[in-house]
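**Q** I would like to see how this sequence folds:
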Amino acid sequence: MRPGVRAFHTQVEPNDAPITRSMTLLLACATGAVVANLYYAQPLLHTIGRQLGVGEAAAGLVVTASQLGYALGLILLVPVGDVVNRRVLVPLVLLASTGALMAMAVAPGLPLLIGAAGAIGVTSVVVQILVPLAAELAPDAERGRIVGRVMSGLLLGILLSRTVAGFAAAAIGWRGLYG
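**A** Numbering: from 1, shown residues only. Predicted coordinates for the structure are as follows:
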């Protein structure tokens with residue numbers, strides 16, 4: 001391999017940067033937070049629709065767009081994680097996800113909200129890149145435990161997202177939740 005091409009190298013060298021307990025916790029929290037973005041809108045459709053002056057059926061397109069975006073991300077973005085170094089790809093996708101969340105928070109109407117939800121769906125597939133990254137960084141003897149912890153974060157994000165959405169929307173509004 002040529003010098004300077006390391007950024008696009010797929011694999012991390014064994015024990016290149018062994019994963020620490022705090023890094024495992026960070027990856028678990030990141031997967032939970034990112035995957036929760038897919039589900040926040042579901043219990044808030046009535047509130048979103050009312051604020052934007054559209055019915056719940058029209059507001060439901062927000063959830064549809066996020067799920068279709070997720071499917072598109074699985075098809076188009078996740079395979080990139082096998083070609084591009086995950087340490088480079090993950091921050092880029094997380095940055096794009098942050099932009100999509102901000103667009104969701106400030107969307108003046110339903111069309112932009114639907115577009116932002118689709119972008120959130122596409123970028124939320126980063127969890128499917130973070131899990132293999134954790135496995136790649138883990139020493140052989142701890143790989144199962146580390147992947148299990150990261151997956152626990154992912155599952156907690158799914159399970160707690162609706163509850164968090166309800167409490168956060170009551171406290172700071174649905175736009176504040178996405179901001």
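
**Q** Enumerate every residue touching L45.
**A** Contacts for L45 were tallied using CB atoms under 8 Å, 6 or more residues apart in numbering; they are E56, A59, G60, V62, V63. Any C-beta I mention is one placed from the backbone N, CA and C, and that applies to glycine too.

**Q** Give me the subset of those that lies in helices.
**A** Within those, residues falling in helices by DSSP state H are E56, A59, G60, V62, V63.

**Q** Mark which of these are buried, thanks.
**A** A59, G60, V62, V63 (16 or more other CB atoms under 10 Å).

**Q** Distance-wise, check the second one relative to A28.
**A** I take that to be G60. If you measure G60 against A28 using CB to CB, to the nearest Å, the figure is 31 Å.

**Q** With the last one instead?
**A** Counting by CB to CB, the gap between V63 and A28 amounts to 25 Å.

**Q** Tell me the one among the ones in helices among the contacts of L45 nearest to Y178.
**A** Looking at the ones in helices among the contacts of L45 and their distance to Y178, the nearest is V62, at 10.8 Å (CB to CB).

**Q** Isn't the closest one up against G115?
**A** No. In this structure V62 lies outside contact range of G115 using CB atoms under 8 Å: 9.9 Å.

**Q** for the longest helix along the chain, what is the average pLDDT?
**A** Once the chain is assigned using DSSP H, the helix that runs over the most residues is helix 143-178. For helix 143-178, mean pLDDT rounds to 94.
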